[in-house]
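> This is the structure alone, sequence omitted:
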(Lines give C-alpha, C1' and ligand atoms only; values in the text may rest on other atoms or scores of the structure.)
Protein backbone atom coordinates (compact mmCIF):
# COMPACT_ATOMS: atom_id res chain seq x y z
CA UNK A 1 0.00 0.00 0.00
CA UNK A 2 1.31 3.44 -0.95
CA UNK A 3 1.62 6.09 1.74
CA UNK A 4 3.34 9.38 0.98
CA UNK A 5 3.24 13.03 2.01
CA UNK A 6 4.87 16.36 1.24
CA UNK A 7 7.53 16.91 3.89
CA UNK A 8 9.49 19.97 2.72
CA UNK A 9 10.32 22.18 -0.25
CA UNK A 10 13.28 24.24 -1.39
CA UNK A 11 13.93 27.65 -2.87
CA UNK A 12 17.63 28.01 -3.60
CA UNK A 13 18.07 29.25 -7.14
CA UNK A 14 17.62 32.57 -8.90
CA UNK A 15 14.02 33.32 -9.80
CA UNK A 16 13.86 32.90 -13.58
CA UNK A 17 10.28 33.08 -14.90
CA UNK A 18 9.82 31.28 -18.21
CA UNK A 19 7.03 33.64 -19.29
CA UNK A 20 6.62 37.43 -19.02
CA UNK A 21 6.05 38.26 -15.38
CA UNK A 22 3.60 40.70 -13.84
CA UNK A 23 5.51 43.97 -13.54
CA UNK A 24 4.12 44.40 -10.01
CA UNK A 25 5.77 41.15 -8.84
CA UNK A 26 8.73 41.81 -6.53
CA UNK A 27 12.05 40.39 -7.64
CA UNK A 28 13.04 37.17 -5.92
CA UNK A 29 16.36 36.98 -7.71
CA UNK A 30 18.41 37.95 -4.68
CA UNK A 31 16.31 36.15 -2.09
CA UNK A 32 18.42 33.83 0.00
CA UNK A 33 16.71 30.46 -0.06
CA UNK A 34 16.91 27.17 1.71
CA UNK A 35 14.92 24.11 2.67
CA UNK A 36 11.62 24.76 4.41
CA UNK A 37 9.59 22.35 6.54
CA UNK A 38 6.23 22.73 8.33
CA UNK A 39 6.56 24.97 11.36
CA UNK A 40 9.30 27.13 9.85
CA UNK A 41 9.01 30.66 8.48
CA UNK A 42 9.15 30.78 4.69
CA UNK A 43 8.81 33.44 1.96
CA UNK A 44 5.39 34.03 0.44
CA UNK A 45 3.98 36.60 -1.98
CA UNK A 46 0.70 38.35 -1.16
CA UNK A 47 -1.22 41.26 -2.62
CA UNK A 48 -1.95 44.11 -0.22
CA UNK A 49 -2.73 47.79 -0.75
CA UNK A 50 -2.68 47.23 -4.50
CA UNK A 51 0.88 45.88 -4.49
CA UNK A 52 2.44 42.42 -4.47
CA UNK A 53 4.78 42.11 -1.51
CA UNK A 54 7.16 39.55 -0.09
CA UNK A 55 6.63 38.37 3.50
CA UNK A 56 7.81 35.55 5.75
CA UNK A 57 4.92 33.58 7.24
CA UNK A 58 4.98 30.39 9.30
CA UNK A 59 4.18 27.23 7.35
CA UNK A 60 1.11 25.66 8.96
CA UNK A 61 -2.23 27.46 8.74
CA UNK A 62 -3.80 28.59 12.03
CA UNK A 63 -7.31 29.95 11.34
CA UNK A 64 -8.05 33.34 12.88
CA UNK A 65 -11.05 31.97 14.77
CA UNK A 66 -9.26 29.15 16.61
CA UNK A 67 -8.78 29.38 20.37
CA UNK A 68 -5.15 28.27 20.25
CA UNK A 69 -2.28 29.16 17.95
CA UNK A 70 -0.33 26.09 18.92
CA UNK A 71 1.94 24.79 16.22
CA UNK A 72 0.78 21.19 16.67
CA UNK A 73 -2.73 22.20 15.57
CA UNK A 74 -1.54 24.01 12.43
CA UNK A 75 -2.47 22.70 9.00
CA UNK A 76 0.43 22.73 6.49
CA UNK A 77 -1.69 21.50 3.57
CA UNK A 78 -5.01 22.54 2.08
CA UNK A 79 -6.35 19.91 -0.35
CA UNK A 80 -8.00 21.61 -3.33
CA UNK A 81 -10.98 19.26 -3.09
CA UNK A 82 -11.82 20.61 0.40
CA UNK A 83 -11.07 24.31 0.01
CA UNK A 84 -14.69 25.33 -0.50
CA UNK A 85 -16.22 23.36 2.37
CA UNK A 86 -13.55 23.14 5.10
CA UNK A 87 -14.18 25.85 7.76
CA UNK A 88 -10.47 26.60 8.13
CA UNK A 89 -10.01 27.24 4.41
CA UNK A 90 -13.15 29.09 3.27
CA UNK A 91 -12.30 32.67 4.27
CA UNK A 92 -8.60 32.46 3.28
CA UNK A 93 -9.59 31.02 -0.11
CA UNK A 94 -11.88 33.96 -0.80
CA UNK A 95 -9.67 36.80 0.42
CA UNK A 96 -6.23 35.66 1.57
CA UNK A 97 -4.38 33.78 -1.13
CA UNK A 98 -0.62 33.70 -1.58
CA UNK A 99 2.11 32.32 -3.82
CA UNK A 100 4.85 30.13 -2.38
CA UNK A 101 8.06 30.33 -4.49
CA UNK A 102 9.94 27.05 -4.83
CA UNK A 103 12.34 25.16 -7.05
CA UNK A 104 11.63 21.67 -5.74
CA UNK A 105 9.74 19.69 -3.14
CA UNK A 106 10.23 16.51 -1.12
CA UNK A 107 7.89 13.58 -0.68
CA UNK A 108 8.47 10.87 1.89
CA UNK A 109 7.08 7.64 0.50
CA UNK A 110 6.40 4.52 2.51
CA UNK A 111 5.78 1.28 0.69
CA UNK A 112 5.69 -2.01 2.58
CA UNK A 113 7.00 -0.16 5.66
CA UNK A 114 10.14 0.94 3.78
CA UNK A 115 10.61 4.75 3.76
CA UNK A 116 12.09 6.52 0.75
CA UNK A 117 12.57 10.27 0.26
CA UNK A 118 12.10 11.74 -3.23
CA UNK A 119 12.82 15.24 -4.48
CA UNK A 120 10.92 16.65 -7.45
CA UNK A 121 12.23 19.56 -9.50
CA UNK A 122 12.40 20.91 -13.01
CA UNK A 123 15.46 20.69 -15.17
CA UNK A 124 18.10 23.34 -14.45
CA UNK A 125 16.39 24.12 -11.11
CA UNK A 126 13.82 26.35 -12.79
CA UNK A 127 11.53 27.99 -10.26
CA UNK A 128 7.74 27.96 -9.91
CA UNK A 129 5.09 28.92 -7.36
CA UNK A 130 2.70 26.81 -5.31
CA UNK A 131 -0.79 28.11 -4.70
CA UNK A 132 -1.24 28.94 -1.03
CA UNK A 133 -3.70 30.45 1.43
CA UNK A 134 -2.91 32.36 4.62
CA UNK A 135 -4.55 33.66 7.77
CA UNK A 136 -3.66 35.84 10.75
CA UNK A 137 -4.09 34.83 14.39
CA UNK A 138 -3.82 37.29 17.26
CA UNK A 139 -1.70 36.11 20.18
CA UNK A 140 -2.47 36.85 23.82
CA UNK A 141 0.02 39.73 23.91
CA UNK A 142 -1.66 41.40 20.94
CA UNK A 143 0.99 40.45 18.39
CA UNK A 144 -0.01 38.81 15.12
CA UNK A 145 0.90 35.36 13.85
CA UNK A 146 0.76 35.04 10.05
CA UNK A 147 0.55 31.47 8.80
CA UNK A 148 -0.02 29.73 5.47
CA UNK A 149 -0.88 26.38 3.93
CA UNK A 150 0.25 24.94 0.60
CA UNK A 151 -2.66 23.95 -1.64
CA UNK A 152 -2.39 20.34 -2.80
CA UNK A 153 -4.10 18.49 -5.62
CA UNK A 154 -4.31 14.98 -7.03
CA UNK A 155 -0.94 13.85 -8.34
CA UNK A 156 -0.58 13.78 -12.11
CA UNK A 157 -0.70 10.31 -13.68
CA UNK A 158 3.06 10.34 -14.27
CA UNK A 159 3.69 11.12 -10.58
CA UNK A 160 0.96 9.05 -8.94
CA UNK A 161 3.47 6.23 -8.43
CA UNK A 162 5.24 8.42 -5.86
CA UNK A 163 2.37 10.18 -4.11
CA UNK A 164 -1.40 10.50 -4.30
CA UNK A 165 -1.19 14.27 -3.73
CA UNK A 166 1.19 16.97 -4.92
CA UNK A 167 1.54 20.73 -4.38
CA UNK A 168 -0.60 22.77 -6.77
CA UNK A 169 1.92 24.49 -9.07
CA UNK A 170 0.23 27.43 -10.78
CA UNK A 171 0.88 28.36 -14.42
CA UNK A 172 2.50 31.80 -14.66
CA UNK A 173 -0.57 33.22 -16.41
CA UNK A 174 -2.73 32.42 -13.36
CA UNK A 175 -0.42 33.71 -10.63
CA UNK A 176 -1.74 37.28 -10.67
CA UNK A 177 -5.36 36.13 -10.68
CA UNK A 178 -4.67 33.87 -7.69
CA UNK A 179 -3.24 36.80 -5.70
CA UNK A 180 -5.98 39.27 -6.63
CA UNK A 181 -8.57 39.35 -3.78
CA UNK A 182 -11.25 40.39 -6.30
CA UNK A 183 -10.88 37.32 -8.54
CA UNK A 184 -14.26 35.62 -8.99
CA UNK A 185 -14.96 32.08 -7.81
CA UNK A 186 -15.20 30.69 -11.36
CA UNK A 187 -11.63 31.80 -12.09
CA UNK A 188 -10.44 30.35 -8.79
CA UNK A 189 -12.10 27.05 -9.61
CA UNK A 190 -10.37 27.03 -12.99
CA UNK A 191 -7.00 27.70 -11.33
CA UNK A 192 -7.52 24.81 -8.93
CA UNK A 193 -8.14 22.46 -11.84
CA UNK A 194 -5.41 23.75 -14.15
CA UNK A 195 -2.03 22.98 -12.52
CA UNK A 196 1.19 23.61 -14.39
CA UNK A 197 1.98 20.67 -16.70
CA UNK A 198 5.71 21.10 -17.23
CA UNK A 199 7.85 18.09 -16.49
CA UNK A 200 9.01 17.37 -12.95
CA UNK A 201 11.88 14.96 -12.45
CA UNK A 202 12.02 12.70 -9.37
CA UNK A 203 15.33 12.10 -7.62
CA UNK A 204 15.81 9.49 -4.93
CA UNK A 205 17.41 11.11 -1.89
CA UNK A 206 19.89 8.92 -0.05
CA UNK A 207 20.45 9.82 3.57
CA UNK A 208 24.16 9.66 4.41
CA UNK A 209 25.01 7.88 7.64
CA UNK A 210 27.55 9.64 9.82
CA UNK A 211 30.67 7.47 9.94
CA UNK A 212 32.79 7.90 13.05
CA UNK A 213 36.55 7.76 12.48
CA UNK A 214 38.45 4.82 13.96
CA UNK A 215 40.24 7.06 16.45
CA UNK A 216 36.91 8.18 17.97
CA UNK A 217 36.31 4.87 19.77
CA UNK A 218 39.79 4.88 21.20
CA UNK A 219 39.43 8.48 22.38
CA UNK A 220 36.09 7.73 24.04
CA UNK A 221 37.62 4.76 25.87
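That came through, no problem. Nothing here was measured: the structure is a model prediction, and the numbers come from that model. Numbering: from 1, shown residues only.
> from here on, contacts and neighbour counts on C-alpha atoms
Will do.
> could you pull out the helices for this structure?
87-95, 172-179, 185-192, 214-220 (DSSP state H).
> want to throw those helices into a markdown table with mean pLDDT and distance to residue 140?
Formatted as a markdown table, the helices of the chain follow (pLDDT from 0 to 100; distance: least, C-alpha to C-alpha, whole Å):
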| stretch | mean pLDDT | distance to residue 140 |
| --- | --- | --- |
| helix 87-95 | 91 | 20 |
| helix 172-179 | 92 | 30 |
| helix 185-192 | 92 | 34 |
| helix 214-220 | 40 | 48 |
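> Next, format the ones you listed as CSV and append distance to residue 107 and mean neighbour count.
Below are the helices of the chain laid out as CSV (distance: least, C-alpha to C-alpha, whole Å; neighbours: other C-alpha atoms under 10 Å):
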stretch, distance to residue 107, mean neighbour count
helix 87-95, 23, 19
helix 172-179, 24, 19
helix 185-192, 21, 14
helix 214-220, 35, 8
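> could you redo those as JSON lines and give each row distance to residue 144?
Listed next are these as JSON lines, based on distance: least, C-alpha to C-alpha, whole Å:
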{"stretch": "helix 87-95", "distance to residue 144": "16"}
{"stretch": "helix 172-179", "distance to residue 144": "21"}
{"stretch": "helix 185-192", "distance to residue 144": "27"}
{"stretch": "helix 214-220", "distance to residue 144": "48"}
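> Select, out of these, the one closest to residue 114.
helix 214-220 (30.3 Å; C-alpha to C-alpha).
> follow-up on the earlier one: who wins for proximity to residue 117 among the helices of the chain?
When the helices of the chain are compared by C-alpha to C-alpha, helix 185-192 sits nearest residue 117, at 26.4 Å.
> got the angle for that closest one vs helix 87-95?
Calculated by axes from the mean of the first three to the mean of the last three C-alpha atoms, to 10 degrees, helix 185-192 forms an angle of 110 degrees with helix 87-95.
> What angle do helix 172-179 and helix 185-192 make with each other?
Counting by the same axes, to 10 degrees, helix 185-192 lies at 130 degrees to helix 172-179.
> elements contacting helix 185-192?
In terms of contacts (3 or more C-alpha pairs under 8 Å, 6 or more residues apart in numbering; DSSP states H and E), helix 185-192 is packed against helix 172-179.
> Find the residue at the geometric middle of the protein.
Note on the chain: the residue nearest the mean C-alpha position is residue 150, at 4.1 Å, using C-alpha atoms, centre = their mean.
> ok, how many other residues are close to the closest residue to residue 88 other than its chain neighbours?
Nearest non-adjacent residue to residue 88, counting by C-alpha to C-alpha, 6 or more residues apart in numbering: residue 63, 5.6 Å away. Here the number of neighbours of residue 63 (other C-alpha atoms under 10 Å) works out to 25.
> phi, psi of residue 63?
phi -60, psi 150 (degrees, to the nearest 10).
> tell me the contacts of it?
88-89, 135-137 (C-alpha atoms under 8 Å, 6 or more residues apart in numbering).
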